[in-house]
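Colleague: turn this into a structure:
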Amino acid sequence: MSRPQIAAQFGALTPLIAPRSVAVVGASDREGNLGGLAVKFLGKFGYRGPVWPVNSGQTKVAGLPCFPRLRELPSPPDLAVIAVPAASVTEVIQDCIAAGIPAAVVWAGGFAEGDEAGRARQRQLEEVARAGGIKLCGPNCIGVINTSIGLTASFSSLMTDIDRLTPGSVSIVSQSGGTAVTAHGRAQELGLGFRVTISCGNEATLSIGDFIHALAQDDGTRVIAAYAEGLSDPDRFVEALLEAKRRGKPVVILKGGATEQAGHAALAHTGKLAGVDRTFDAIFRECAAIRVHSTEELLDVSLQLASQRPKQMPHGNRALILTFGGGSGVLGTDQCIRAGLEVPPLDAATRESVKPIFPALGSSLNPIDLTPGAVTNPKNRATLPATLKALVDAPNVDIALLFGAGFGELAPQVATMFEDLRSGTDKPICVSWLSPPPGITERFAKQNIVVFDEHARAIRAAGHIARYAADMRHRIRHRPDLATPFRWSDFVDPTMRKQVVSEHLAARILEAAGLAVAKGRFARNGRRGHSCRPRNRLPGRHQGDLGRDHTSGCRWPGETSP
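Modeller: Numbering: from 1, shown residues only. Predicted coordinates:
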């Protein structure tokens, strides 16, 4: 069988994410065998390349010929799925390297997330994989799904529950397999889908930064979603975020392990220390990454971004709230302010232009109250598209929020108005529809339109998008080389396990690392013949409680920091 030609759209990781052929090591038809399940999934979802089960004790798996050893395959596959226990993984990886296989996925747990024996096992796996140059995803992961080619190098039950994979333009990489497939499953339920789902697990050789970098190179990926607990390669992570920023690919990140307690849980989960949370905040701000705080928020922001046309970003944070009831506008205004959005009154010219076609009982201030009569009254309904267009086109509007509810049998007509409005403007529009009649959400999904079922969620997503657009308007600043060489032994005693680094010594270390440091002087004592004791000490006060002007007359010596 000829191997289909697939362009290297994922850079060096193309054999792993878009392989032309797959071998599944350890596959059998025995009930509960994960390798056999993977073979069945690859057939079920129409993977386009050859699939070769490998197991010395089987002749067929899922109706396909089974090969006893990797070296007896018709040709080296691009990807090997390793479905064997942890104790056998390193040996199988050695066989992969000997057979010339460029990439592998390792599902098994029992590595760095466990005890010292597991950590030693992972160190050995890392050494073998790096020496052999194989691209390794895992261990302790659920694998890789690529909906564009039907690749299901995974044992996730997600594939049991669905009949087809809905393609999308959001790709996700996650250090938690459960978080990845939960998000993918929810996107599938909404009819929007994902493009690529990667569970990177313990990151023996490839880090989350490597995968983000690969996804940034993929033309089919418009938005990158990520779940991270800790970083095995911080420099690569920052490089990947900057590459995505350079290519105009939003990265939406859910960061776990922000608290001390969660950090301990992260260490047990993937064997990674979570790190100081404020450091991550600084990285995200610098690289224009969007930080979210729940799986729901991760999906909301990612899917809304993917539903917008390329470069359809707000030019500011001024929001227009379009409602059919006053209460939702009042609440929405409060929520917009909390989300960092402004809700300015519409300009007089726009208000004057819509006056002839505006519902008599409505309000055109912003938030806009069109009243239910805008839909139920045939005369108002006929002019509603023109009213909506004029309001969205107002000069002091950067992003529009459409809040609907119900509408019964008139819902399809309103949906058409919303669809036409979105396609006729360059401004992003978020649609929220409470209690939509059956079929409305599915209708919007076919047009790649996200419909939020709660107005606050639409507002929260809009706030993130406005901040992201503002970050993207700022030029990427030069990032200095973090690998500035200097010897720690010049500053601290390497034989001492614990020692205090004084402030002036810390300044010297920072300066040696190439960072700007404020000039300072090191004071050993006061001027000769003069004491720096405080003047006017108040009687009866504690020795450490100093009176006013206690440094008056003191001069510091001219000695600079050593």
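
Colleague: please count neighbours and contacts with C-alpha atoms only from this point.
Modeller: Fine.

Colleague: go ahead and confirm Ser364 touches Leu346.
Modeller: Yes. Counting by CA atoms under 8 Å, Ser364 sits close enough to Leu346 to count as a contact (7.4 Å).

Colleague: pretty sure Gly191 contacts Gln447?
Modeller: No. In this structure, Gly191 is not within contact of Gln447 by CA under 8 Å, at 10.1 Å.

Colleague: which one of these two has more residues nearby?
Modeller: Gly191 (22 against 11; other CA atoms under 10 Å).

Colleague: leaving out the residues flanking it, which one is nearest to the more buried one?
Modeller: Residue nearest to Gly191 in three dimensions, not counting chain neighbours: Ala445, with 5.6 Å by CA to CA, 6 or more residues apart in numbering.

Colleague: with Trp52 instead?
Modeller: Beyond its immediate neighbours in the sequence, the residue positioned closest to Trp52 (CA to CA, 6+ apart) is Ala23, lying 4.6 Å away.

Colleague: that neighbour: neighbour count?
Modeller: A total of 27 residues lie near Ala23 under the criterion other CA under 10 Å.

Colleague: and it, that's in a strand?
Modeller: Yes. With DSSP: H, G, I helix; E, B strand; the rest coil as the criterion, Ala23 is part of a strand.

Colleague: quick check: beta-bridge partners of it?
Modeller: For Ala23, the beta-bridge partners are Trp52, Ala80 (DSSP bridges).

Colleague: I'd guessed it sits against Leu79; true?
Modeller: Yes. Using CA under 8 Å, Ala23 is in contact with Leu79, at 6.3 Å.

Colleague: which of the three states applies to the closest residue to Asp393 other than its chain neighbours?
Modeller: Leaving out its chain neighbours, the residue that sits closest to Asp393 by CA to CA, 6+ apart is Thr425, at 7.7 Å. Using three-state DSSP, the structure places Thr425 in coil.

Colleague: about what we covered before: what's the burial count for the residue nearest to Gly191?
Modeller: Residues within reach of Ala445, counting by other CA under 10 Å, total 17.

Colleague: where does pLDDT dip in the stretch 351-500 of the chain?
Modeller: By pLDDT under 70, the weakly predicted segments of the stretch 351-500 of the chain are 475-486, 494, 497-498.

Colleague: how many residues are close by Pro436?
Modeller: Counted by other CA under 10 Å, the residues lying close to Pro436 total 17.

Colleague: nearest residue to it in space, please, no chain neighbours.
Modeller: In space, not counting the residues next to it along the chain, Pro436 is nearest to Gly406; the distance is 5.1 Å by CA to CA, 6+ apart.

Colleague: measure that neighbour to Arg318 for me?
Modeller: Taking CA to CA, to the nearest Å as the criterion, Gly406 is separated from Arg318 by 27 Å.

Colleague: more neighbours, these two?
Modeller: Taking Gly406 and Arg318 together and counting by other CA under 10 Å, Arg318 has the greater number of neighbours (21 against 12).

Colleague: my guess is the more buried one contacts Pro345. True?
Modeller: No. Under the criterion of CA under 8 Å, Arg318 is not in contact with Pro345, lying 9.9 Å apart.

Colleague: and Val517, what is it in contact with?
Modeller: Counting by CA atoms under 8 Å, 6 or more residues apart in numbering, Val517 makes contact with Ala507, Leu510, Glu511.

Colleague: now do 10 Å
Modeller: By CA atoms under 10 Å, 6 or more residues apart in numbering, the contact list for Val517 reads Ala506, Ala507, Arg508, Ile509, Leu510, Glu511.

Colleague: inside helices: which ones of those?
Modeller: With helices taken from DSSP state H, the overlap with the contacts of Val517 comprises Ala506, Ala507, Arg508, Ile509, Leu510, Glu511.

Colleague: show me where the stretch 301-450 of the chain has its helices.
Modeller: Here the stretch 301-450 of the chain has its helices, by DSSP state H, counting those that start in this stretch, at 326-338, 348-354, 373-376, 378-392, 411-423, 440-446.
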